[in-house]
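>>> Coordinates for the following, if possible.
(2 chains)
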Amino acid sequence: MSSELNNPFASTEQEHRGKKVELLVKSCTLAMTWLLIIPVLAIIIFLVYKAWPALSIEFLLDNPEKKMTAGGIWGPLIGTFFLVLVSLIIAAPTGILAGVYLNEFARDNWVTRFINLAVVNLAGVPSIVHGLFGLGAFVYFLGMDRCLLAASCTVAVMTLPVIITSTKEALASVPMSFRVACWNMGATKWQTIRTIVLPNSISGILTGVILQVARAAGETAPILFTGAMISSRIADSGWDAMVPYGLEDRFMALSYHLYIISTQWQNVPESFKFGTAAVMIGLVIAVNSLSIGFRIYLRARKKW
Amino acid sequence: MSETTPTVDSDFSLRRGIQKVVDFMEPAIVGLIYLCGWSAIIFVMAIFFFVFKESLPAITGIEEIGGGVDAEVEKLDLVEFTTSPKWIPESAKKPTFGILALMLGTLSVTVLSMVIAVPLGLGAAVYVSEFAKGKSREILKVLIELLAAIPSVVWGFIGLVVMNPMIVDVTGEPVGLNILNAGIVLALMSVPIIVSVSEDALRAVPDSFREAGIALGANRWEMVYKVLFPAAKNGLLAAVLLGIGRGIGETMAVLMCTGHSVNMPTSIFDPVRTLTATIAAELGEAVRGDMHYHTLFLIGVVLFVFAFVINLTADLIVKGIKVQENE
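Model (predicted):
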């Protein structure tokens, strides 16, 4: 009692304990956060370490040979590239226009709520069910047979919500006053969108498109039954090696390749499996870093 | 100067020309925008329709063979489908299609992953939203986002070649592909979504709540525990639900990590098989039009319905928050 009288600003017992609890909780939650991140970083380093003997330019540029025991991963790599490209060509315009609709045209009524719900659900449908849908709708019903186009369509439907959501957010961040000013100049709704809204939100839209790329490149389940194949003979050099698959062809893909060589095939050198996994992680991290970089640049540059 | 002016002019008129064409097409473009806007609904309905359509002959016993001719096929015993733990689709004598063991497989893996992921995810969300500042906050968020980017087949590979020997070493089990392995992998996969959604929920609590808590003499932990958690509880619940949804729907990772044997789980060291993994592993071998084929699509319908219910609930909960905020 007397000490409190001597110094009225000294911390009480309770405050003292509070500080201790606060420190404890802060370090606990920090430890939890790192507990999530450190193992994954360690695993990635381990993967790259194990993959090191295989990683070379030849590994990337050679085709798999002798039942995957020699050569490289060029075929699957270029297959994934085309899968992503075709799915992007389908999903990007559809998703961006859907985002435009939701942010610029849709009124706040039950239809819009229904559409938003559908977007959320489309993102939540299990990837294997997307694969079943692709098989039922594109491969059998539309008669595409198992091919690059059917797989790309399936992946496009699956990644559509990513583009819709990020486009919507990007458009919503353009201030209303920009649009009002444009309308006052006599511009129509579409003119306003084309000349004011889209140019001002292009970076945000691109962020979503890049995320779609990362997602599409990693997916396995939707392409299992819609067109991926274990190995196909493709040319080793020249134009045919650059564009080995037509839309009607079955194709190799990196994710499917990794699945097969790590579960089904014997005698594949360990460094090849680790090499394929490391290349996939490398690709996805590179693409995501691009998207994160875009976002930071965007925030720094924002004019309003 | 006089040479360049015309080119600028013609360029300008060309642009005007394009603009005129584009503006002339406005009604068509607006129509296209409406169509794309509705695409999400169209696709969700199409997914249900086509997956259901392929599974239908197993329920009705009528298969269309083309040319408008129908054929009677064997009907699936729906009671057996939902209650039998036996999944023996390729048996020559009597194929049995019971998904109880598969459902329990999915359930056990998902529950274990949530037991690991929810506390860790909430802890990380609290740290990122309440304690971390500036640069370190940004870096942590980026790292967690990168966790979400690792493809599921790579997670499966990690479970197969990294976790598998590790579990064998630590527990002395003969094989490390079991519920524990898949649960840990799935936990790491679903943590990013839990962290990001619950962090959003915590951020959405107005600062005045925090200030009031601190002003009443609460320390930071009491403030988080007694003020933020109750205020953000709907968002946190939605985060957990979305994590569960992710767990139920995950395919490749659980296919590679669970050991893939049909089994009623009794301990976390048992190998199991999940609904998703069964479709992924068996659809390649099933003959189209076969009972096995239709049943796999029916499992797809079951998964679709699970996912739909979970997402709908999560969405309603989040919407509930928004309504409250508006009031």
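>>> Could you find the closest non-adjacent residue to the residue positioned nearest the centre of chain B?
When CA atoms, centre = their mean is applied to chain B, the residue found nearest the centroid is B:Arg246 (3.0 Å). For B:Arg246, ignoring the flanking residues on the chain, the nearest one in space by CB to CB, 6 or more residues apart in numbering or on different chains is B:Ser190 at 4.4 Å. Every C-beta, even on glycine, is put in place using the N, C-alpha and C of the backbone.
>>> residues contacting the one you found?
B:Ser190 sits next to B:Ser113, B:Met114, B:Ala117, B:Gly121, B:Gly243, B:Arg246, B:Gly247, B:Glu250 when contact means CB atoms under 8 Å, 6 or more residues apart in numbering or on different chains.
>>> ok, stretch A:212-220 near chain B or not?
Yes - applying CB under 8 Å from any CB of the partner chain, one finds stretch A:212-220 touching chain B at A:Ala214, A:Ala217, A:Gly218, A:Glu219, A:Thr220.
>>> that older thread, so which helix or strand takes in the residue nearest to B:Arg246?
Per DSSP states H and E: B:Ser190 is located in helix B:179-203.
>>> Same check on B:Leu76?
Judged by DSSP H and E, B:Leu76 forms part of no helix or strand.
>>> what does the stretch 151-300 of chain B have sitting close to chain A?
B:151-154, B:156-158, B:160-162, B:188, B:191, B:195, B:217-222, B:224, B:242, B:245, B:248-252, B:256, B:276, B:279-280, B:283-284, B:288, B:296-297, B:300.
>>> Run through the strands of the chain in chain order.
Went with chain A since none was named. Remark: strands assigned in chain A by DSSP state E are A:64-65, A:70-71.
>>> nope, chain B please
Applying DSSP E to chain B gives strands spanning B:62-66, B:69-72, B:87-88, B:96-97.
>>> List the contacts of the nearest residue to A:Thr94 once chain neighbours are set aside.
Among residues not flanking A:Thr94 along the chain, B:Cys36 sits closest, at 5.0 Å (CB to CB, 6+ apart). Contacts for B:Cys36 (CB under 8 Å, 6+ apart) come out as A:Pro93, A:Thr94, A:Gly95, A:Leu97, A:Ala98, A:Val100, A:Tyr101.
>>> Write the PyMOL selection for whichever of the residues you listed are buried.
One line in PyMOL is enough to select the buried ones among those; burial here means 16 or more other CB atoms under 10 Å in any protein chain shown:
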select buried, chain A and resi 94+95+97+98+100+101
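>>> now, which of the contacts of B:Cys36 sits nearest A:Trp110?
Of all those, A:Trp110 sits closest to A:Tyr101, with 15.6 Å by CB to CB.
>>> Let me see the confidence value for the spatially closest residue to that closest one that is not a sequence neighbour.
The shortest distance from A:Tyr101 to any non-neighbouring residue, by CB to CB, 6+ apart, is to B:Gly37 (2.7 Å). Per-residue pLDDT puts B:Gly37 at 89.
>>> swap in the one 4 residues further on?
Confidence per residue is given as pLDDT, and for B:Ile41 that number is 92.
>>> thinking it is in contact with A:Phe114, fair?
Yes - between B:Ile41 and A:Phe114 there is a contact at 6.4 Å, judged by CB atoms under 8 Å.
>>> who has more neighbours, those two?
Applying other CB atoms under 10 Å in any protein chain shown to B:Ile41 and A:Phe114 shows that B:Ile41 carries more neighbours, namely 18 against 14.
>>> which one is the more buried one nearest to, not counting chain neighbours?
The nearest residue in space to B:Ile41 (CB to CB, 6+ apart) is A:Ala118, at 4.3 Å.
>>> measure the one you found to B:Phe48 for me?
Counting by CB to CB, to the nearest Å, the separation of A:Ala118 from B:Phe48 is 11 Å.
>>> same check, this time on B:Ser196
28 Å.
>>> Quick one: neighbours of A:Leu117, just the number.
19.
>>> What does the pLDDT read for B:Ala71?
You'll see B:Ala71 listed with a pLDDT of 68.
>>> can you check A:Asp236 too?
66.
>>> follow-up on the earlier one: can you add pLDDT and neighbour count and give the residues of stretch A:212-220 next to chain B back as TSV?
Formatted as TSV, the residues of stretch A:212-220 next to chain B follow (pLDDT from 0 to 100; neighbours: other CB atoms under 10 Å in any protein chain shown):
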residue	pLDDT	neighbour count
A:Ala214	86	24
A:Ala217	88	22
A:Gly218	87	25
A:Glu219	87	29
A:Thr220	89	28
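>>> Among those residues, name the ones in helices.
A:Ala214, A:Ala217, A:Gly218 (DSSP state H).
>>> Of those residues, which is the nearest to chain B?
A:Gly218 (2.7 Å; CB to the nearest CB).
>>> residues contacting the closest one?
When contacts are counted by CB under 8 Å, 6+ apart, A:Gly218 touches A:Ser255, A:Met280, A:Val284, B:Ala149, B:Ile150, B:Pro151, B:Ser152, B:Val153, B:Val154.
>>> which one of those is nearest B:Asp77?
B:Asp77 lies nearest to B:Ser152 out of the contacts of A:Gly218, by CB to CB, at 33.1 Å.
>>> In this structure that closest one contacts B:Thr251, no?
Yes - in this structure, B:Ser152 is within contact of B:Thr251 by CB under 8 Å, at 6.9 Å.
>>> Out of the two, name the residue with the larger neighbour count.
B:Thr251 (30 against 25).
>>> pLDDT at the more buried one, what is it?
90.
>>> Tell me, how many residues neighbour residue 89?
Went with chain A since none was named. Number of residues near A:Ile89 (other CB under 10 Å) recorded here: 12.
>>> switch to chain B, that's the one I care about
B:Pro89 has 17 neighbours, counted by other CB under 10 Å.
>>> Enumerate every residue touching it.
So B:Pro89 contacts B:Pro95, B:Thr96, B:Phe97, B:Glu282, B:Ala286, B:Met291, B:His292, B:Thr295 (CB under 8 Å, 6+ apart).
>>> OK, contacts around the fifth one?
Taking CB under 8 Å, 6+ apart, we find B:Ala286 in contact with B:Pro89, B:His292, B:Tyr293, B:Leu296.
>>> now these: which count as buried?
B:Pro89, B:His292, B:Tyr293, B:Leu296.
>>> can you give me the helices in chain A?
Along chain A, the segments classed as helices by DSSP H run A:2-6, A:13-51, A:57-61, A:74-100, A:110-124, A:127-134, A:148-172, A:176-184, A:189-192, A:198-218, A:221-224, A:239-242, A:254-263, A:270-301.
>>> Out of the ones you listed, indicate the one that is most buried.
Highest mean neighbour count of the helices of chain A: helix A:221-224, a mean of 31 (counted as mean count of other CB atoms under 10 Å in any protein chain shown).
>>> Residues in contact with that helix: which ones?
For helix A:221-224, contacts defined as CB under 8 Å, 6+ apart pick out A:83, A:126-128, A:130-131, A:134, A:151, A:154-155, A:158, A:253, A:255-256, B:152, B:251-252, B:276, B:280, B:283-284.
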